[in-house]
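S.K.: Let me see the structure of the following:
(2 chains)
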Amino acid sequence: MIRLFIFFALSILVLSCSSNVTDPTPDSSKKGSLLVVFENKFGSEEFELLKRFTLNDSITVVTEDFKYYVSNIVLNNSNGSQYVLPKETSYFLINQAQIITQSINLQYIPEGDYSSISFILGIDSAKSVSPVGERIGVLDVAGEAKSMYWTWNSGYIFFALEGMYTTPRLINNSFKYHIGGFGGYNAPNLNNIKTITVPFGSSVLKIREGNKPHVHISADISTLFKGDEAISIEANPTVMFSPYSVNVANKYATMFQFGKIMD
Amino acid sequence: MQPCFNLEKLWINMNSIVISLKKDIQYFLVTVIVLIVFTSCGESNQPTDRQFKGFSVPLNFPQPTYNFAKNPVTEAGFLLGKKLFYDEILSLDGTIACATCHIQTSAFTQHGHDLSHGINDLLTLRNTPPVQNMAWKRFFMLDGGVLDLDLFAINPITAHNEMGETMANVLEKLRNHKDYPSLFDKAFGSKDINTERLLKALSQFQLMCVSADSKYDKVKRNEGASFTSDEQAGYTLFLQKCESCHKEPLFTNEAFTNNGIPIVNPEDKGRASITLNPKDEYRFIIPSLRNVAETAPYMHTGKFRTLSDVLDHYSSGMIDHPTLDSSFRIPNGLGIPLTSEEKRVLTLFLHTLTDQNFMKNPLLAQ
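M.R.: Model prediction:
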């Protein structure tokens, strides 16, 4: 009897404690953190470099390099407010070749229940024209940005996808998508900056002090080559700084989907 | 540089004096004092031409466009930039320095080369432009693809047909070099060598490449020089026929234009590769005419060997093209009508833009 009582008492204690820890009323003066995991995919398959994926009946692709910038992250609270991450800590380069870059660590986020995340796929125009001293970390042209920067036309490449494709007629033709364009310095120019919002559906991202939930976002590369306005890899295997790049950017803007939240 | 070098020499002298003559310590101290007094007098009374006086705006020039607040030019920064400018370490195989194609005695162009050679004898796309009056430029590269001097040098360093290096590798070589870490320390306060510091040091040297001491400048600033009557006639003609594009005192309005030269490389579409606007096809930036007599060959293609060829082109050699500048469309053809006498006096005026003090300035020399 006493054993049963202790069991009940402990159970109540544990339950009340756990509910207190995981779901108290958010206190925005307290800060929590978050891990955003970008899961690159090809259709329903997990994406890998140098692996052959089937695009449709007649075309297969092997990717050698896949990178994109994620910046200017905003968390949208279900109460309608927004939390904008400090700009200087809000630049990330997701590189398929380096798994560590695919999870991004966000800290000092006010407690709250968040319903979606927004970010720029690429680099905003202000940063694109910033002085060299402000181009550090993933924006350093001697470092991580070395293959993501057009020296001759000062600007970052937002999205890079390259490799080889094979059709019944052509074997291992190269394809290369280097997409950038921040709108021009002093005259309007190509603007492929895309702000992407990924809603969490019925899930709620609960940011609480001491907790670190994981938000999984999938990026399906095959989206570029499917559906309305699909990019034909045969007709346009190489797209860089050109008017056509707008079509690629319009497609990559749709490739991100909410996966899951792990508290 | 100079005083340090002297002191070092003197120190060695003093040591040898002490050792060889075995004089007592008092004699030694007296020698030191005498020598220090002697050297410091030498410094203050005889400033050398290589003395660094900082960046200043010539009286007849507008305010610069470069933001000096972000990169103040200091002697140590300038000297570091100069060493880098003349150092082949920036290239992949150690054969090409900035100064290989930008030669001071030709206003930092490569005299006689239509196109320059990079590593492995690879040809560049366009004629080498001068490095002069960089602090006033709004556009870099002949298509204006770069708008900040600090971001410019990445181009020649990484272009496969110029220096062919990676920025990361250049930084690594500099970090492992016996001299550079301490030079970066002097210039920027620590031995850290990074992208920003490398580019800012190179900018500091380029910013000091100011050409504002030609005969034209001395006339304009009333420094005792005056045009000959032919030069004056050339100047008057220049103001009528050329100055709208080659605007004083920098002798460019930095617009992009198609001046009807033969298209050598149809793939090089100039400004249109940056703006993606078909109206900008085959338009290139209007260059400054300062030191023009010393910077042959001419145009971005480098196909005109002499000033006479250039003036003949403007008067009677233009080739029509949809993007040809409309100001060249005249009632009976294309171009700027010029008689041979007008060409003669124009050429004489253009020679007044030659600035030997700039091209021979020991401060800018290796």
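
S.K.: Neighbours of the closest residue to residue A:35 other than its chain neighbours, how many?
M.R.: Using C-beta to C-beta, 6 or more residues apart in numbering or on different chains and skipping residues adjacent in sequence, the residue nearest residue A:35 is residue A:214, 4.7 Å away. Backbone N, C-alpha and C define where each C-beta goes, glycine included. Residues lying near residue A:214 (other C-beta atoms under 10 Å in any protein chain shown) number 15.

S.K.: Please apply the same query to the one 10 residues further on.
M.R.: For residue A:224, the count of nearby residues is 22 (other C-beta under 10 Å).

S.K.: State the distance from it to residue A:233.
M.R.: 8 Å (C-beta to C-beta, to the nearest Å).

S.K.: Over to residue B:68?
M.R.: Per C-beta to C-beta, residue B:68 is found 49 Å from residue A:233.

S.K.: tell me the SS of the residue of the stretch 1-150 of chain A found nearest chain B?
M.R.: Going by C-beta to the nearest C-beta, chain B is nearest to residue A:142 of the stretch 1-150 of chain A, at 3.4 Å. Secondary structure assignment for residue A:142 (DSSP: H, G, I helix; E, B strand; the rest coil): coil.

S.K.: for it, phi and psi?
M.R.: phi -90, psi -10 (degrees, to the nearest 10).

S.K.: same thing with residue A:165?
M.R.: Per degrees, to the nearest 10, the backbone of residue A:165 is at phi -130, psi 150.

S.K.: What is the neighbour count of it?
M.R.: 22.

S.K.: Next: the one 3 residues further on.
M.R.: Here the number of neighbours of residue A:168 (other C-beta under 10 Å) works out to 8.

S.K.: cool, residue A:100 as well?
M.R.: 7.

S.K.: Quick one: neighbours of the residue of the stretch 1-150 of chain A closest to chain B, just the number.
M.R.: Applying other C-beta under 10 Å, I find that residue A:142 has 24 neighbouring residues.

S.K.: Kindly report the same for residue B:362.
M.R.: Neighbours around residue B:362, by other C-beta under 10 Å: 11.

S.K.: so it makes contact with residue B:52?
M.R.: No. Here residue B:362 does not reach residue B:52: they are 11.3 Å apart, not a contact under C-beta atoms under 8 Å.

S.K.: quick one: low-confidence parts of the chain?
M.R.: Chain wasn't specified; assuming chain A. A:1-23 (pLDDT under 70).

S.K.: right idea, wrong chain: chain B
M.R.: Checking chain B against pLDDT under 70 turns up B:1-49.

S.K.: For it, give the residue positioned nearest to chain A.
M.R.: residue B:167 (3.4 Å).

S.K.: Can you spell out the domain ranges of chain B, please?
M.R.: B:2-45, B:68-210, B:215-357 (automatic domain parsing).

S.K.: Identify, out of these, the most deeply packed stretch.
M.R.: domain B:68-210 (a mean of 20; mean count of other C-beta atoms under 10 Å in any protein chain shown).

S.K.: Residue numbers of the stretch 1-150 of chain A in contact with chain B?
M.R.: Residues of the stretch 1-150 of chain A lying near chain B by C-beta under 8 Å from any C-beta of the partner chain: A:129, A:131-133, A:135-136, A:140-143, A:146, A:149.

S.K.: Save the residues you listed as TSV, and put in distance to residue B:277 too.
M.R.: Listed next are these as TSV, based on distance: C-beta to C-beta, whole Å:
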residue	distance to residue B:277
A:129	19
A:131	27
A:132	28
A:133	32
A:135	27
A:136	33
A:140	31
A:141	26
A:142	32
A:143	33
A:146	29
A:149	23
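
S.K.: and those, which are buried?
M.R.: Among those, those buried by neighbour count (16 or more other C-beta atoms under 10 Å in any protein chain shown) are A:129, A:132, A:135-136, A:140-143, A:146, A:149.

S.K.: tell me which parts of the stretch 151-263 of chain A are close to chain B?
M.R.: Residues of the stretch 151-263 of chain A lying near chain B (C-beta under 8 Å from any C-beta): A:151-154, A:184-187, A:189-190, A:241-243.

S.K.: between the residues you listed, which is closest to residue A:59?
M.R.: Nearest to residue A:59 among those: residue A:242, at 22.1 Å, using C-beta to C-beta.

S.K.: From residue B:278, how far out is the closest one?
M.R.: With C-beta to C-beta as the criterion, residue A:242 and residue B:278 are 12 Å apart.

S.K.: go on, residue B:288?
M.R.: Residue B:288 is 27 Å from residue B:278, by C-beta to C-beta.

S.K.: Show me how far the longest strand along chain A is from its chain's centre.
M.R.: Longest strand of chain A, by residue count under DSSP state E: strand A:60-77. Centroid separation between strand A:60-77 and its chain, computed with C-alpha atoms, centre = their mean, to the nearest Å, is 4 Å.

S.K.: How about stretch B:91-107?
M.R.: That offset, for stretch B:91-107, works out to 12 Å (C-alpha atoms, centre = their mean).

S.K.: repeat for stretch B:351-363
M.R.: 11 Å.

S.K.: Give me the contacts around it.
M.R.: B:48-52, B:104-107, B:132, B:208-217, B:219, B:227, B:231, B:235, B:251, B:289-294, B:364 (C-beta atoms under 8 Å, 6 or more residues apart in numbering or on different chains).

S.K.: In CSV, list the residues of the stretch 151-263 of chain A next to chain B along with secondary structure, distance to residue B:258 and neighbour count.
M.R.: Formatted as CSV, these follow (DSSP: H, G, I helix; E, B strand; the rest coil; distance: C-beta to C-beta, whole Å; neighbours: other C-beta atoms under 10 Å in any protein chain shown):
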residue, secondary structure, distance to residue B:258, neighbour count
A:151, helix, 25, 21
A:152, helix, 20, 17
A:153, helix, 20, 21
A:154, coil, 23, 23
A:184, coil, 21, 17
A:185, coil, 22, 18
A:186, coil, 20, 10
A:187, coil, 18, 9
A:189, coil, 19, 17
A:190, coil, 22, 22
A:241, coil, 21, 21
A:242, coil, 21, 15
A:243, coil, 21, 11
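
S.K.: for the stretch 151-300 of chain B, what spans make up the helices?
M.R.: Taking DSSP state H, counting those that start in this stretch as the criterion, the stretch 151-300 of chain B contains helices spanning B:154-158, B:167-175, B:180-188, B:195-207, B:215-220, B:229-241, B:272-275.

S.K.: Send me the fourth one as PDB with only the CA atoms.
M.R.: Translated: helix B:195-207. Backbone C-alpha positions of helix B:195-207 (Å, rounded to 0.1, in the frame of the first residue of the first chain) are rendered in PDB as follows:
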ATOM      1  CA  THR B 195      41.000  38.900 -46.900                       C
ATOM      2  CA  GLU B 196      40.000  42.300 -45.600                       C
ATOM      3  CA  ARG B 197      43.600  43.300 -44.700                       C
ATOM      4  CA  LEU B 198      45.100  42.000 -47.900                       C
ATOM      5  CA  LEU B 199      42.600  43.900 -50.000                       C
ATOM      6  CA  LYS B 200      42.800  47.100 -48.000                       C
ATOM      7  CA  ALA B 201      46.600  47.100 -48.100                       C
ATOM      8  CA  LEU B 202      46.400  46.800 -51.900                       C
ATOM      9  CA  SER B 203      43.800  49.600 -52.000                       C
ATOM     10  CA  GLN B 204      46.100  51.800 -50.000                       C
ATOM     11  CA  PHE B 205      48.900  51.500 -52.500                       C
ATOM     12  CA  GLN B 206      46.500  52.100 -55.400                       C
ATOM     13  CA  LEU B 207      44.900  55.100 -53.700                       C
END
